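1. take a look and give me a structure for this.
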Amino acid sequence: MKKKLTTVFFTAYILLGVLGFLLVTYVGSHLLENRLEKSIRADMYQTAHRIAENNLVSHNITSANMESIRSNLSLAANYPDTIIWIINSNGQIILSTRKDISPDHPIDLDGFDPASWGSNYYQIGDFYGYFHDSRLSTIAPITEHLNIRGYVAVHYLMSDLYQSRSSLLWIIQLLFVITYLMTAVLFL
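-> Numbering: from 1, shown residues only. You can find the predicted model right below:
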């Protein structure tokens with residue numbers, strides 16, 4: 001009888017451990033991804049807003065002096081692989097932290113409509129078909145005398161977010177397994 005009870009207890013403990021690990025993995029993954037996304041998009045919006053409020057940007061958005069702003073944009077990027085754009089009011093990318101975009105040859109964004117974002121300041125996707133991979137993008141308007149002169153867009157590679165999530169999730173899973181094994185030793 002005692003051996004049967006021990007077997008049942010041991011089986012239930014193993015099952016609870018497996019279910020707990022799956023729960024930590026599944027729920028933890030979603031919670032971590034949501035938290036990282038929220039944190040990164042808030043940081044990116046702050047960056048975009050700070051750039052948009054800069055007098056150098058708002059006063060020079062239509063001038064040839066935009067090239068001098070490019071180096072400052074690179075310094076403002078908080079995360080690796082972040083791309084920052086200046087978009088004019090016609091929906092053209094006129095400046096980027098990437099060297100392949102210049103004010104002399106603006107790139108049209110087909111269908112660019114900031115009003116369609118509603119109250120959101122971010123979206124996840126290919127940003128009007130420009131990117132081949134998924135990005136977390138935020139925009140902030142560049143205004144001067146209450147007129148919108150353009151937008152600052154900041155783009156973060158979602159695969160970097162997923163990699164960060166996986167690294168953190170691995171730590172949580174390891175802590176779960178260690179705690180689980182320590183509890184097993186105590187029961188034995």
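
2. helices or strands up against the lengthiest helix in the chain?
-> In the chain, assigned by DSSP state H, the helix with the most residues is helix 2-53. With contacts taken as 3 or more CB pairs under 8 Å, 6 or more residues apart in numbering; DSSP states H and E, helix 2-53 sits against helix 70-76, strand 83-88, strand 122-125, strand 135-144, strand 147-157, helix 158-187. Every C-beta, even on glycine, is put in place using the N, C-alpha and C of the backbone.

3. one more time with 10 Å, if that's ok
-> Secondary structure elements in contact with helix 2-53, counted by 3 or more CB pairs under 10 Å, 6 or more residues apart in numbering; DSSP states H and E, are helix 55-60, helix 70-76, strand 83-88, strand 122-125, strand 135-144, strand 147-157, helix 158-187.

4. nearest to Thr25 among the ones you listed would be which one?
-> Proximity to Thr25, assessed across those by CB to CB, is greatest for helix 158-187 (6.2 Å).

5. so what angle separates the directions of the closest one and helix 2-53?
-> Between the direction of helix 158-187 and that of helix 2-53, the angle (axes from the mean of the first three to the mean of the last three CA atoms, to 10 degrees) works out to 150 degrees.

6. give me the distance between the two termini of stretch 79-92.
-> With CA to CA, to the nearest Å as the measure, stretch 79-92 spans 24 Å from end to end.

7. contact partners of stretch 178-187?
-> In this structure, residues lying in contact with stretch 178-187 by CB atoms under 10 Å, 6 or more residues apart in numbering are 9-10, 13-14, 16-18, 20-21, 24.

8. by neighbour count, which of these wins?
-> Neighbour counts for those (other CB atoms under 10 Å) peak at Val24, which has 18 neighbours.

9. and it, what does it touch?
-> 31, 169, 172-173, 175-177, 180.

10. now which of the residues you listed would you call buried?
-> Neighbour-count burial (16 or more other CB atoms under 10 Å) applied to those gives 169, 176, 180.

11. columns pLDDT on top of those residues, output as a markdown table?
-> As requested, the buried ones among the contacts of Val24 are exported to a markdown table (pLDDT from 0 to 100):
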| residue | pLDDT |
| --- | --- |
| Leu169 | 94 |
| Phe176 | 92 |
| Tyr180 | 91 |
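
12. alright, calling it a day.
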